[in-house]
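*Asks:* Below are the sequence and a predicted model for it; my questions follow.
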Number of protein chains: 2
Amino acid sequence: MEKTAIEGIGKFSHHYPKLAAIVTASFEEKDNAMTAAWHSSISINPPIYGVSISPKRFTYQLISQIKEFGINFIPSEKAHFAASLGSSSGQKIDKFQKLNISKEKPLKTSVPLLKDAYASYECKLLDSKIYGDHVWAVGEIVRGFKDWLSA
Amino acid sequence: MEKTAIEGIGKFSHHYPKLAAIVTASFEEKDNAMTAAWHSSISINPPIYGVSISPKRFTYQLISQIKEFGINFIPSEKAHFAASLGSSSGQKIDKFQKLNISKEKPLKTSVPLLKDAYASYECKLLDSKIYGDHVWAVGEIVRGFKDWLSA
């Protein structure tokens, strides 16, 4: 198989497709949600999840204050949430209200969860580290949710 | 949507499907490859990639010596490589030889690349950190390959 070397890698995308995750956070009555494509589980026991976020993002500002975040996975019929949440900032608006996204109360953290998610993880921040232009935020999953019927 | 709380999360799997990556490494004439499901790009500029590996894995031992690794993505017709590479250890055998997997020479590192991969990244290890039962290995992509025709 012939390959072409890419000297300037730029927005490299060979590792797609990936499932989009909706990252949620809350601080001082401000709830926010953003779409993330770069995320992964990184430990089974204890269960730990990592997500890469630009430090410019409002969600990251909330996470760095409250030290918690939510990871939500949405069914395909709600895929438009991923596009809408990824193309606006929660700095000035309440995305949940504007985009008519229902919230669900968390049990072990203060992060909002997406009611329409088929699975959500409530995470306590363990570590966050800058690599290049993003922060790798790592959290222990303190509670997992799953709708068994739709899985 | 009704959800069931999972108190013991165990081998949580709500964040699948994911693309499998074949991680390659080499040290003192020993080449090895393993399958990883937990990996993500984590920075655009510079391009940085992360992969979660059990510290028990032979590949991790090689990476920690040579401070380099390769990330390879294979086309669906070679998907059996992912299953075979994931179910054997390179500690005693040469997986490339045993599984009849052709190698390609790297240009900027010493890691073997999979000839059949439609894309490969050569990475220089920047950092590695233990989170729970896995090590999160982070590397700067110093060279990317792509077969434009099959993409």
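*Replies:* Received it, and whenever you're ready, just let me know what you need. Numbers count the residues shown, from 1 in each chain, chains lettered A, B, ... in the order given.

*Asks:* Show the low-confidence segments of chain A, by residue range.
*Replies:* Scanning chain A for pLDDT under 70 picks out the ranges A:1-17, A:145-151.

*Asks:* bridging residues for the residue positioned nearest the centre of it?
*Replies:* Nearest residue to the geometric centre of chain A (CA atoms, centre = their mean): A:Val23, 2.3 Å. On the basis of DSSP bridges, A:Val23 is bridged to A:Met34, A:Ile71.

*Asks:* Give me the buried positions along stretch A:53-67.
*Replies:* Within stretch A:53-67, the residues that count as buried by 16 or more other CB atoms under 10 Å in any protein chain shown are A:Ile53, A:Arg57, A:Phe58, A:Thr59, A:Tyr60, A:Gln61, A:Leu62, A:Ile63, A:Ser64, A:Ile66, A:Lys67. Glycine gets a C-beta too; all of them are placed from N, C-alpha and C.

*Asks:* List phi and psi for A:His80.
*Replies:* Main-chain torsions, A:His80, degrees, to the nearest 10: phi -60, psi -20.

*Asks:* distance of it from B:Pro75?
*Replies:* In this view, A:His80 and B:Pro75 are 30 Å apart by CB to CB, to the nearest Å.

*Asks:* ok, now A:Pro46?
*Replies:* Per CB to CB, A:Pro46 is found 35 Å from B:Pro75.

*Asks:* for A:Ile141, same thing?
*Replies:* A:Ile141 is 33 Å from B:Pro75, where distance means CB to CB.

*Asks:* neighbour count winner among those two?
*Replies:* Higher neighbour count among A:Ile141 and B:Pro75: A:Ile141, with 21 against 15, using other CB atoms under 10 Å in any protein chain shown.

*Asks:* which strands and helices sit next to the helix or strand hosting the more buried one?
*Replies:* Assigned by DSSP states H and E, A:Ile141 belongs to strand A:134-146. For strand A:134-146, the elements it packs on are strand A:48-53, helix A:58-66, strand A:68-73, strand A:119-131, strand B:4-6, strand B:39-43, strand B:134-146, judged by 3 or more CB pairs under 8 Å, 6 or more residues apart in numbering or on different chains; DSSP states H and E.
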